[in-house]
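Asks: Sequence plus predicted model, see below.
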Amino acid sequence: MEQASFFKDRLLPIGTVVLALIVLWYVFVVVLNAPFERDTAARAGTTISFSELLPRTMAQERPVLPAPHQVLAELWDTTVNKAITSKRSLVYHAWVTLSATLMGFGMGAVLGILLAVAIVHNRAMDRSLMPWVIASQTIPILAIAPMIIVVLNAVGISGLMPKALISTYLSFFPVVVGMVKGLRSPEQIQLDLMHTYNASASQTFWKLRWPCSMPYLFTSLKVAIAISLVGAIVGELPTGAVAGLGARLLAGSYYGQTVQIWAALFMAAAVAALLVIIVGFAHSLVLKRMGARA
Amino acid sequence: MLSMAPANTVVSASDLGLTFQTADGPVTALTGVNLNVEKGDFVSFIGPSGCGKTTFLRVIADLEKPTSGTITVNGMTPEEARRQRAYGYVFQAAALYPWRTIEKNIALPLEIMGYSRQDQKARIDRTLDLVNLSGFGKKYPWQLSGGMQQRASIARALAFDADLLLMDEPFGALDEIVRDHLNEQLLKLWAATQKTICFVTHSIPEAVYLSTKIVVMSPRPGRVTDIIESPLPKERPLDIRETPEFLAVAHRVREGLRAGHSYEEHA
């Protein structure tokens, strides 16, 4: 009887919230962009009625807050109407950022797992490494990103690598924390069982600790891939970047191109959502292969 | 000392003691335990919680180290015996790995001990048959009832060539009907495999029904208060539990438990 309805369970609640946000957005567009129109009118020595003002607030070239349809039009124009190889294509810039994100995420995940393995198997590592891992995240990434870029540039490394390293710096952290917990998640009884078999440390790792940690791994990978993207974007800012979503944000703010900034923001959000969905999909695939109940 | 135990003695403890150091000071889990388990014995350890019955089993299994006295398993130290995979251990909970099917769970010790794939297959089929789970090999643990899961964990302990089976309240979490059934099956299995079994329980009928030897223990400090050689025949249908012989043994166990008990208010 209780059949899951896609419309009732998913579309209606989400759609309602989206609709409310759009309405709210338009209200703010009018409120925030109106002073500019009034100033313009005042300078021209005329007054402007509200019905005249309303459409103008939504069609400015450099609005304080662009209207949703302006952002959508910009998104459409820079994705569909431009060749992917063009420097004015948002798809091109998204790809530049995405490649750094994926590379940084890959390195961060591997580094995080290796550190977690070391921490779980070695008391000294646990004591000495964990505080540094935590301390690393207390430094604002905006403060060290330029230094990493500059230092690496000085030793001849530029392009993708510095950005990927900033992504790595951010993304290894949730993986370490998640995997330390995950690799320690086997129950004592399961560890005792391995002990009675006289299993070696590596057998215990591969047959017990590693499979036990899978739910923790994927949960932390979801966080890691999202902040990898943030890392890549931040990494694009201090270079006065030539390409990437970060560069679009920076260029947009230099020239007051708010529509371009918002379009880049939406693109970044879409890429992040896509990445998290892909990791989530991999998660359920692995769980299914490990015999989780349907 | 090690070589003094006769050849058919599987477990030999003399003046064994174990004291845990806790935050509240030392706790004596076992003291002055003298016990021999002979090859082919079915020995039950019975007593209230805190009497050290599980601790003693864990000492045999080298999961705990004794702090005084000596113990040998197959004429060796428990650690050497464990390294030679001398025993299979069945825990209170089935402790099956949820990401492995039943047959993969039984294969776990075989993989670790390096049995060939062919041999693994043959052993899985044989042990599944022994515990009446043939046809369930491809199921995941969550698809089985608690009793079936515990039987699978027994199959896992039987899969490799250990002559000693250590069982720590394996049926404690199951209801009485399932438990009766599994007790009956366990006796058949014991007869079929000729293993030596050490069995921890807190059920008097279970201990008397299963054992050739019943070790009665009492707490604070954990010690052995009585060792009863059962006069019951090896062949035991379930209704043997209503015979006078059975009731006499059960009575002696109950007396032993009462004598060892000190439920004074100062505890």
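Replies: All right, it came through fine.

Asks: Mind checking what helix or strand follows the element among helices and strands of chain A having the smallest mean pLDDT in sequence?
Replies: The weakest-scoring helix or strand in chain A, judged by mean pLDDT, DSSP states H and E, is helix A:6 (a mean of 76). Per DSSP states H and E, the first helix or strand lying C-terminal to helix A:6 is helix A:12-43.

Asks: about what we covered before: how far is the least confident helix or strand of chain A from where the chain is centred?
Replies: Relative to the centre of its chain, helix A:6 is centred 27 Å away, using Cα atoms, centre = their mean, to the nearest Å.

Asks: try stretch B:102-118
Replies: Stretch B:102-118 sits 22 Å away from the centroid of its parent chain (Cα atoms, centre = their mean).

Asks: what is the mean pLDDT for that stretch?
Replies: Averaging pLDDT along stretch B:102-118 gives 95.

Asks: right, is that stretch up against chain A?
Replies: Yes - using Cβ under 8 Å from any Cβ of the partner chain, stretch B:102-118 comes into contact with chain A via B:108-109, B:111-113. Backbone N, C-alpha and C define where each C-beta goes, glycine included.

Asks: Name the member of these with the most neighbours.
Replies: Highest neighbour count within these, by other Cβ atoms under 10 Å in any protein chain shown: residue B:109, with 25 neighbours.

Asks: which residue sits closest to residue A:235, ignoring its sequence neighbours?
Replies: Excluding its sequence neighbours, the residue lying closest to residue A:235 (Cβ to Cβ, 6 or more residues apart in numbering or on different chains) is residue A:163, at 3.6 Å.

Asks: what's the burial count for the one you found?
Replies: Around residue A:163 there are 31 other residues, counting by other Cβ under 10 Å.

Asks: That one contacts residue A:102, doesn't it?
Replies: No - counting by Cβ atoms under 8 Å, residue A:102 is not a contact partner of residue A:163; they are 11.1 Å apart.

Asks: Just the pLDDT for the residue of the stretch 101-250 of chain B found nearest chain A.
Replies: Across the stretch 101-250 of chain B, the shortest distance to chain A (Cβ to the nearest Cβ) belongs to residue B:140, at 4.2 Å. With respect to pLDDT, residue B:140 has a value of 95.

Asks: is it true that it touches residue B:98?
Replies: Yes - using Cβ under 8 Å, residue B:140 is in contact with residue B:98, at 6.9 Å.

Asks: tell me, what's touching the two both at once?
Replies: Listed as contacting both residue B:140 and residue B:98 by Cβ atoms under 8 Å, 6 or more residues apart in numbering or on different chains are residue A:291.

Asks: what about the residue lying closest to residue B:68 once chain neighbours are set aside, how many residues close to it?
Replies: In this structure, residue B:68 finds its nearest non-sequential neighbour in residue B:17, 3.8 Å apart by Cβ to Cβ, 6+ apart. Neighbour count for residue B:17, taken as other Cβ under 10 Å: 19.

Asks: Report the secondary structure state of the residue of chain A positioned farthest from its centre.
Replies: Going by Cα atoms, centre = their mean, the residue of chain A most distant from its centre is residue A:45, 47.8 Å out. Under DSSP: H, G, I helix; E, B strand; the rest coil, residue A:45 falls in the coil class.

Asks: Can you give me the pLDDT of it?
Replies: pLDDT for residue A:45: 85.

Asks: and the gap between residue A:110 and residue A:103?
Replies: From residue A:110 across to residue A:103, the span is 11 Å (Cβ to Cβ, to the nearest Å).

Asks: Can you mark which positions in stretch A:284-294 are buried?
Replies: By 16 or more other Cβ atoms under 10 Å in any protein chain shown, the buried positions in stretch A:284-294 come out as A:286, A:291.

Asks: What of stretch A:132-139?
Replies: Using 16+ other Cβ under 10 Å as the test for burial, stretch A:132-139 gives residue A:133.

Asks: about what we covered before: between residue B:140 and residue B:98, which one's more packed in?
Replies: Each of residue B:140 and residue B:98 has its neighbours counted (other Cβ under 10 Å); residue B:140 has more, 19 against 14.

Asks: what distance separates stretch B:43-60 from the centre of its chain?
Replies: 9 Å.

Asks: now stretch B:209-223
Replies: Stretch B:209-223 sits 12 Å away from the centroid of its parent chain (Cα atoms, centre = their mean).
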